[in-house]
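A.B. asks: Task: produce atomic coordinates for the following.
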Amino acid sequence: MPDWFNKKALRHERQLAWRAQFAVATRTPFGADAGVDPDSLVGEAVYDSEAVIAALRELASGINRDRPFVPTLLEAALAVTRLVNMRPSWIDYCNERSRLDPAAADAESEMSRQYALADAVRAWPRFADAQAAVGPAAEALRKLQSELANFCGSDITSGCRAA
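C.D. replies: Reported below is the predicted structural model:
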């Protein structure tokens, strides 16, 4: 196989890894400002889980299976899948609570589903399950971010994490 083909494949894999890093960094609440109630981030994590799993699946389908971060990728995907499975319940709850049309996809409706006050999140019947799943998912994603940063040669989250 020509050397240029290997370089092109590696570049493609790094592009996928970069996109996954970006999706995780911008969609997953790794940390919060001091004044943010962490319970409000549970709803955000459940809402954002669909975009995160899509990025992880895209990465998994486009990389060499021998990459050292594959086990961590699979672990993160499994953890995020637990949140994805709760997402329909979260969307239904938000639609009912905010009296949203289930078919509404405008920015205001989507923001109502993504960003909810902590009291509203705690009132969701599946809150305890989601809260229990967010910690392991966030930890698995942090670990994956670190490994993807090593693979890509840079960490896009270095300035974004809470101290």
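A.B. asks: Can you tell me the element the nearest residue to Arg122 once chain neighbours are set aside falls in?
C.D. replies: Nearest residue to Arg122, sequence neighbours excluded (CB to CB, 6 or more residues apart in numbering): Asp39, at 5.5 Å. No exception for glycine: its C-beta is placed from N, CA and C like everyone else's. Using DSSP states H and E, Asp39 falls within helix 38-62.
A.B. asks: packing partners for that helix?
C.D. replies: helix 3-27, helix 70-97, helix 107-114, helix 118-123, helix 127-152 (3 or more CB pairs under 8 Å, 6 or more residues apart in numbering; DSSP states H and E).
A.B. asks: Check which helix or strand Pro125 maps to.
C.D. replies: Counting by DSSP H and E, Pro125 is part of no helix or strand.
A.B. asks: Isn't it up against Tyr93?
C.D. replies: Yes: using CB atoms under 8 Å, Pro125 makes contact with Tyr93 at a distance of 7.4 Å.
A.B. asks: who has more neighbours, the two?
C.D. replies: Tyr93 (22 against 8; other CB atoms under 10 Å).
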